[in-house]
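> Sequence plus predicted model, see below.
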Amino acid sequence: MSDKEAGVASSLGSNSPINKDEVDVKNTEEHSKQESKSDINKPPLKKIKADDGIDISDSFSRRENKGNNKVISSVYNDENKKTPAWMKSKTTDKYDKYGSRSTPIATPTAPVNNPDERYSKYMTNSVNSNDRVRRPPTETTSSQYDKKRAHDEAEDDVVAPYSNLAVANPSSNLYQTFQSHINNREGKDINSIVRSHYNQRTQQSKFQGSRTKSPIYKLRNFNNAIKYILLGNWVKPNPDSNRPTVILDLCCGKGGDLNKCEFVSVDQYIGIDISDASIKEAFSRYSRNKARFIPQTAESKKERDTRRYNFEACFATGDCFSSSIPEILEPNFPGIIDGLFPVDCVSLQFAMHYAFETEEKVHQLLTNVTKSLRAGGTLIGTIPSSDFIRDKIVNRAFIDQENRKFGNDLYSVTFHKDPPDEGVFRPPFGNGYNYSLKDAIDDVPEYVVPFEVFRGLCEEYGLVLKYKKNFIDIFNQEIPKYFSKLNKNLIEGMKRSDGKYGAEGLEKEAVGFYIGFVFEKLGN
Ligand SMILES: C[S@@+](CC[C@H](N)C(=O)[O-])C[C@H]1O[C@@H](n2cnc3c(N)ncnc32)[C@H](O)[C@@H]1O
């Protein structure tokens, strides 16, 4: 799916622990049949203090100054010494691509950052604020590919904003529903379509009018709530109190999960996305919320200030399914692998279905995940449910004559080829469909993720399933615990016509298309 895009950042209201008139995409309800199996080893929820406002500072307390952190090598550094046995046999020969690739597919973008002193040692040597400037394209990066891309982007990525419409006037109440314009789709690969789509979406979202007017406003709030819950339950702080808690957000989009990272008290955020416009937007969102000027006393400086981001962040453009993480990050942030990896959590929200185009992409993704995670670290993701898709096929719940399309007025799924009668796709890769979600995604290609195949592959990479549930079940089971913790606007943005909270009607089916999952990296 997709617009699974992140929410909107906004200004942190003075009473609001974490701002959010956030926006994401998808949701629904029910559909728990096959997918509510594993709910294992859920960590106890931390105690939350809920006054008349929301105070998360007690519940997700930050560890003390980590200035004395020692640099710990990650599996990226020394394959022989650090690679666990299970990875040597499976991945070193077959999947290890480190050093064998040239340039990342997209030119990396490394916006300026201002690391504070506590983590400057993680930005060792050349990783300092002066180095974090955007680098001019090198000989290799501005080759044929970039020329072609420049041409494509001129065509597709820069659509005229709605400057001629009343919605360009911020005082207007009108809302302009998003629609992308991608020329010559048939001649393009998925990366070009996806990149063009999300670049356009990022640019146009600035001119659409108030997000609360979007036809999927509630659905986005619902999806955001799900991500708060998943990250809140499963991001595990680094057990070494001298190390920062680090999250690697693959396919991070416009940075819609930055607020959630503050919510779970990470110390360092690393975001990567193939859309350069999204990365720029994510960086600017981070900068706005990081730099908020809040007068502080000597005493208050020691604690997390919930009105601003208390974590450091860096962002880069790159293809997470075809390049290795060092290939994407090191050119922009030399020393970052040594300094910040292995990380505590890899977040992969509403994006893995793009990787299931080919087996190679999935292997590269899983190599990136497993090599990035520390033992005990978690991979937390959201994807369309293959069980949901199978049910639609088996029940012949199609909405067109050719039996290739299902959905409703809010979302639709149109298979590229006739789906198998029993709804089980073989081989498990490359089973494409076009996904649409009103005001977010226009016929963007995605691929079925047969969950059991994915789970089996994860095991090969030392990742064991800890949790898997559809969105409706996650919401129903977890929202009582989160109701008082989440921002009021987010909660109110999920109010149904009957006064209760959650998804209803068309939205319910649209969100029910998704599941959340958590894998844990084995080892010690
Ligand atoms: C639906 S958005 C989700 C964004 C964000 N994770 C969220 O939940 O708000 C999917 C994102 O995946 C990104 N994406 C797709 N293919 C990618 C790839 N190969 N490498 C990196 N990012 C990719 C898109 O650019 C887009 O920003």
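Sure thing, it's come through.
> ok, now how distant is whatever residue of the stretch 251-400 of the chain ends up closest to the ligand from residue 266?
Closest to the ligand within the stretch 251-400 of the chain is residue 253: 2.7 Å, counting by CB to the nearest ligand atom. Heads up, the C-betas are built off the backbone N, CA and C, glycines and all. With distances taken as CB to CB, to the nearest Å, residue 253 is found 17 Å from residue 266.
> Flag the shaky bits of the chain, pLDDT-wise.
1-75, 77-180, 182, 205-210, 291-303, 306 (pLDDT under 70).
> helices or strands up against the lengthiest strand in the chain?
Determined from DSSP state E, the single longest strand within the chain is strand 373-384. Helices and strands touching strand 373-384, by 3 or more CB pairs under 8 Å, 6 or more residues apart in numbering; DSSP states H and E, are helix 217-234, strand 343-349, helix 352-355, strand 463-470, strand 514-521.
> Ok, which of the ones you listed comes nearest residue 373?
In terms of CB to CB, the element of those nearest to residue 373 is strand 514-521, at 4.2 Å.
> Direction-wise, compare the closest one with strand 343-349 and give the angle.
On the basis of axes from the mean of the first three to the mean of the last three CA atoms, to 10 degrees, strand 514-521 is oriented at 160 degrees to strand 343-349.
> Which residue is the nearest non-sequential neighbour of residue 348?
Among residues not flanking residue 348 along the chain, residue 381 sits closest, at 4.0 Å (CB to CB, 6 or more residues apart in numbering).
> so who does the one you found touch?
347-349, 352, 516-518 (CB atoms under 8 Å, 6 or more residues apart in numbering).
> Which pair of the residues you listed spans the longest distance?
Spanning the widest gap among those are 352 and 518, at 13.3 Å by CB to CB.
> one step back: hmm, the residue of the stretch 251-400 of the chain closest to the ligand is touching residue 285, no?
No - taking contacts as CB atoms under 8 Å, residue 253 lies outside contact range of residue 285: 10.5 Å.
> between these two, which one's more packed in?
Between residue 253 and residue 285, residue 253 has the larger neighbour count (other CB atoms under 10 Å), namely 29 against 23.
> Report whether that one is found in a helix, as I expect.
No - Residue 253 is assigned coil when assessed by DSSP: H, G, I helix; E, B strand; the rest coil, not a helix.
> From residue 476, how far out is residue 469?
Distance from residue 469 to residue 476, counting by CB to CB: 10 Å.
> ok, these two, which is more surrounded?
It is residue 469, of residue 469 and residue 476, that has more neighbours when counted by other CB under 10 Å, with 24 against 14.
> Just to check, residue 277 is in contact with residue 204?
No - applying CB under 8 Å as the test, residue 277 and residue 204 come out as separate, 10.1 Å apart.
> thinking again about what came up before, show me what counts as buried in the next helix or strand after the longest strand of the chain.
Once the chain leaves strand 373-384, the next helix or strand it forms, by DSSP states H and E, is helix 386-394. Neighbour counts using 16 or more other CB atoms under 10 Å place 386-393 of helix 386-394 among the buried residues.
> Equivalent analysis for stretch 239-258, please.
Those would be 243-258, for stretch 239-258 by 16+ other CB under 10 Å.
> And stretch 396-414, by the same measure?
398, 404-407, 410-414.
> same deal with stretch 361-381?
361-374, 377-381.
> Run through the residues that contact the closest residue to the ligand within the stretch 101-250 of the chain.
As assessed by CB to the nearest ligand atom, the ligand sits closest to residue 198 within the stretch 101-250 of the chain, at 3.9 Å. Residue 198 makes contact with 5, 253, 273-275, 277-278, according to CB under 8 Å, 6+ apart.
> Can you pick out the most distant pair from these?
Most distant of the contacts of residue 198, by CB to CB, are 5 and 274, 13.2 Å apart.
> how near is the residue lying closest to residue 374 once chain neighbours are set aside to residue 193?
Of all residues not flanking residue 374 in the chain, residue 342 sits nearest, at 3.8 Å (CB to CB, 6+ apart). According to CB to CB, residue 342 and residue 193 sit 33 Å apart.
> same thing with residue 278?
15 Å.
> who's more crowded, the two?
residue 278 (27 against 20).
> Spell out the secondary structure type for the more buried one.
For residue 278, the assignment made with three-state DSSP gives helix.
> And the strands in the chain?
Applying DSSP E to the chain gives strands spanning 246-250, 268-273, 312-317, 343-349, 373-384, 405-407, 411-415, 432-437, 441-447, 463-470, 514-521.
> quick one: strands adjacent to the fifth one?
Read it as strand 373-384. Using DSSP bridges, the strands paired with strand 373-384 in its sheet are strand 343-349 (parallel), strand 514-521 (antiparallel).
> Flag every buried residue along the first one.
It stands for strand 343-349. In terms of neighbour count (16+ other CB under 10 Å), strand 343-349 has its buried residues at 343-349.
> what's near enough to touch residue 411?
Per CB under 8 Å, 6+ apart, neighbours of residue 411: 26, 435-438, 506, 509-510, 513.
> and the residues you listed near the ligand, which?
Taking CB under 6 Å from any ligand atom as the test, the ligand is in contact with none of these.
> ranking those by neighbours, who comes first?
Among the contacts of residue 411, residue 26 has the most neighbours (other CB under 10 Å), with 32 neighbours.
> Quick check: closest non-adjacent residue to residue 430.
residue 357 (5.8 Å).
> what's near enough to touch that neighbour?
Contacts for residue 357 (CB under 8 Å, 6+ apart) come out as 190, 429-430, 432, 445, 447.
> top of those residues by neighbour count?
The residue in the contacts of residue 357 with the most neighbours, by other CB under 10 Å, is residue 447 (24 neighbours).
> Next one: that residue from the ligand, what distance?
From residue 447 over to the ligand the distance is 11 Å, taken as CB to the nearest ligand atom, to the nearest Å.
> circling back: what angle separates the longest strand of the chain from strand 432-437?
Per the same axes, to 10 degrees, the angle that strand 373-384 makes with strand 432-437 is 80 degrees.
> wait, does strand 373-384 contact the ligand?
No - Strand 373-384 lies out of reach of the ligand by CB under 6 Å from any ligand atom, never closer than 7.1 Å.
> tell me the angle that strand makes with strand 441-447.
Using the same axes, to 10 degrees: strand 373-384 against strand 441-447 is 120 degrees.
> just to revisit the earlier point, Throw the buried residues of strand 343-349 into JSON lines and include distance to residue 327, thanks.
Listed next are the buried residues of strand 343-349 as JSON lines, based on distance: CB to CB, whole Å:
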{"residue": "343", "distance to residue 327": "16"}
{"residue": "344", "distance to residue 327": "22"}
{"residue": "345", "distance to residue 327": "21"}
{"residue": "346", "distance to residue 327": "16"}
{"residue": "347", "distance to residue 327": "20"}
{"residue": "348", "distance to residue 327": "18"}
{"residue": "349", "distance to residue 327": "22"}
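> Among these, which one sits closest to residue 231?
For these, the nearest to residue 231 is residue 347 (6.8 Å; CB to CB).
> Give me the nearest residue to the closest one, chain neighbours excluded.
Using CB to CB, 6+ apart and skipping residues adjacent in sequence, the residue nearest residue 347 is residue 249, 4.7 Å away.
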